[in-house]
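Chemist: 3D, please:
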Amino acid sequence: MCSSDLDGTETQGVVRALSSGVLQGAHAEAIAAAAKSQNAAGVFLDYRNLPGAQKDAFSAFAKTLRERLQRDQLGLVIGIPAGAGANGAYDWNALAGVADAIWLRGVADPAVYYDQMEQLFTARRSGNTDLGKVSLVIDRRSADRRGQQVTSLSLRDALTIASAIDPKLEANAAAAGGTVA
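Modeler: This is a model prediction of the structure:
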């Protein structure tokens with residue numbers, strides 16, 4: 001319902017909306033009105049890439065939004081990015097306390113996925129976060145890493161790359177009926 005991968009302009013607008021209780025209330029009211037007008041069952045709030053300094057303001061806004069949504073008996077799911085996109089802007093315990101569910105967007109880089117996700121969950125378990133509310137969102141797209149750049153690929157693009165024949169390898173090509181290691 002309400003989703004945003006914040007770029008510079010959007011980040012400024014959200015930071016402004018989180019800057020005071022009055023603006024938070026108006027923002028929450030606008031979101032609730034939009035959800036109600038669409039006969040939605042609730043709101044998915046996905047403000048990725050918030051600056052770390054917005055941690056308390058975002059938690060306060062989530063509480064304000066939750067209170068407003070409850071008047072209309074609407075649910076609240078909050079999206080949180082894992083890894084570098086988190087920027088310390090998300091207080092898991094505070095958000096788990098007001099949300100019906102938290103959808104955690106996994107780390108995009110397959111080379112560090114398991115290590116970073118395990119560290120993240122270990123830290124949250126020791127911080128007494130209610131992980132029963134957390135659902136891991138796994139992107140079905142493939143990822144291509146070149147240096148430090150991780151690019152998302154469609155299944156078709158990934159299979160095209162994986163099935164490409166490299167002419168430099170023809171010297172070691174397997175013959176029909178031969179053994180391949």
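Chemist: Please state the backbone phi and psi of residue 143?
Modeler: Note on residue 143: backbone dihedrals following degrees, to the nearest 10 are phi -130, psi 140.
Chemist: these two touch, right, it and residue 152?
Modeler: Yes - counting by C-beta atoms under 8 Å, residue 143 sits close enough to residue 152 to count as a contact (6.0 Å). For the C-beta atoms, the positions are set from N, CA and C on the backbone; glycine is no exception.
Chemist: Need the residues touching each of the two.
Modeler: Residues touching both residue 143 and residue 152 comprise residue 108, with contact defined as C-beta atoms under 8 Å, 6 or more residues apart in numbering.
Chemist: Which one of these two is surrounded by more residues?
Modeler: residue 143 (16 against 12; other C-beta atoms under 10 Å).
Chemist: check contacts around that one.
Modeler: Contacts of residue 143 by C-beta under 8 Å, 6+ apart are 108, 109, 110, 150, 151, 152, 153.
Chemist: Top of the residues you listed by number of neighbours, please.
Modeler: Most neighbours among the contacts of residue 143, by other C-beta under 10 Å: residue 108, with 19 neighbours.
Chemist: mind checking the SS state of that residue?
Modeler: Look at residue 108: counting by DSSP: H, G, I helix; E, B strand; the rest coil, its state is coil.
Chemist: List phi and psi for it.
Modeler: phi -80, psi -30.
Chemist: Let me know whether it touches residue 139 as I believe.
Modeler: Yes - Residue 108 lies in contact with residue 139 (C-beta under 8 Å); the separation is 7.0 Å.
Chemist: List the buried residues of the helix or strand that contains residue 30.
Modeler: Per DSSP states H and E: residue 30 is located in helix 21-37. Residues of helix 21-37 classed as buried by neighbour count (16 or more other C-beta atoms under 10 Å): 24, 25, 27, 28, 31, 32, 35.
Chemist: isn't the fifth one right up against residue 65?
Modeler: Yes - applying C-beta under 8 Å, one finds residue 31 in contact with residue 65, separated by 6.3 Å.
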